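Participant: Provided below for reference: sequence and predicted model.
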Amino acid sequence: MERHERVQWIYSSRDNKELAERYDLWSRDYDTDLDEGFGWLGPQRAVEYFIKYVPKDARILDAGAGTGLVGELLAKQGYTNLIAMDLSKGMLEEARKKKVYREFHQMVLGEKLDYATDSFDAIISVGVLTVGHAPASSFDELIRITRPGGYIIFSLRPDVYRESGFREKQDNVEAAGKWKLVEASEEFQPLPKGEPDVYHQIWVYQTLGKRNPDTAAS
Ligand SMILES: C[S@@+](CC[C@H](N)C(=O)[O-])C[C@H]1O[C@@H](n2cnc3c(N)ncnc32)[C@H](O)[C@@H]1O
């Protein structure tokens, strides 16, 4: 299968089970395909923003860690307390080989996550929050497991932001006082070699301590 067909094949998955199976199958070739085929810049750009805000001793969840490209870059920057979470067992097995994460958890964004409230100082998620992968509703659990004053930093396609419920969700969460927008990057081409028409932005949010008094009682 050609590299471009493989991306279509991933996106045509009918449910999370099929998506996980397809990522399992792709896991061994993922790094080579993304690097040589697409010139994948998502992890690098997200980490550039991450290091501006998150101290080196932070406990960090890489949500949708995949083969660990983000963890590898964070480790190079001096971060050591890294936890990898992903839907695909095969991708997590590849991430394990990078030797930069302390723990590996197979979980699904968009469902309840098996982490205690306020477990992490920061969450990073690159190439995961998108159509057919993790929905906008994933933010509820990501916010719950991030301590107040922590950071949630992620990449998102601008068209997905506008058209797939992310804008509404991000605004509603901010209006409810659960996080505040710190910055959003310029749009950039994360796949300059293979898919130059695709754009991403990096979003940086800080979680807030107090719950909205209107919703806190319920
Ligand atoms: C395009 S890859 C990105 C991997 C890595 N973050 C990177 O930047 O290379 C998307 C990853 O998200 C995972 N994924 C997709 N939907 C998910 C979900 N709902 N919950 C958790 N992981 C998911 C896939 O298994 C895959 O490893």
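Facilitator: Perfect, I can see it now. All values reported here derive from a predicted model rather than from experimental measurement. Residues are numbered from 1 along each chain as shown.

Participant: pull out the buried positions in the one helix or strand Arg22 maps to.
Facilitator: Per DSSP states H and E: Arg22 is located in helix 16-32. Buried residues in helix 16-32, counted by 16 or more other Cβ atoms under 10 Å: Asn16, Leu19, Ala20, Arg22, Tyr23, Asp24, Leu25, Trp26, Ser27, Tyr30, Asp31. Where C-beta positions appear, they are placed from N, C-alpha and C, glycine not excepted.

Participant: where does the protein have low pLDDT?
Facilitator: Counting by pLDDT under 70, the ranges of the chain that qualify are 210-218.

Participant: could you rerun that using 50?
Facilitator: 212-218 (pLDDT under 50).

Participant: next secondary structure after the biggest strand by length in the chain?
Facilitator: Of all segments of type strand in the chain, defined using DSSP state E, the longest is strand 146-156. Using DSSP H and E, the helix or strand that follows strand 146-156 in sequence is helix 158-163.

Participant: could you export that following helix as PDB, CA atoms only?
Facilitator: Coordinates of each C-alpha in helix 158-163 appear next as PDB, following Å, rounded to 0.1, in the frame of the first residue of the first chain:
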ATOM      1  CA  PRO A 158      -8.100  24.700  11.500                       C
ATOM      2  CA  ASP A 159     -10.900  23.200   9.400                       C
ATOM      3  CA  VAL A 160     -11.600  20.600  12.100                       C
ATOM      4  CA  TYR A 161     -11.600  23.400  14.700                       C
ATOM      5  CA  ARG A 162     -14.200  25.300  12.800                       C
ATOM      6  CA  GLU A 163     -16.400  22.500  11.500                       C
END
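
Participant: quick one: list the elements packing against the next helix or strand after that helix.
Facilitator: Sequence order places helix 166-175 as the next helix or strand after helix 158-163, per DSSP H and E. Judged by 3 or more Cβ pairs under 8 Å, 6 or more residues apart in numbering; DSSP states H and E, helix 166-175 is in contact with helix 138-145, helix 158-163, strand 179-184.

Participant: quick one: helix 166-175 to strand 146-156, angle?
Facilitator: Between the axes of helix 166-175 and strand 146-156, defined by axes from the mean of the first three to the mean of the last three Cα atoms, to 10 degrees, the angle is 160 degrees.

Participant: for the residue in the chain that the ligand sits nearest to, which non-adjacent residue is closest in space?
Facilitator: The ligand sits closest to Gly66 of the chain, with a gap of 2.5 Å, by Cβ to the nearest ligand atom. Leaving aside its sequence neighbours, Gly66 sits nearest to Met91 (Cβ to Cβ, 6 or more residues apart in numbering; 4.7 Å).

Participant: got it, and Gln77?
Facilitator: Ile51 (5.4 Å).

Participant: so what's the residue count around the one you found?
Facilitator: For Ile51, the neighbour count with other Cβ atoms under 10 Å is 15.
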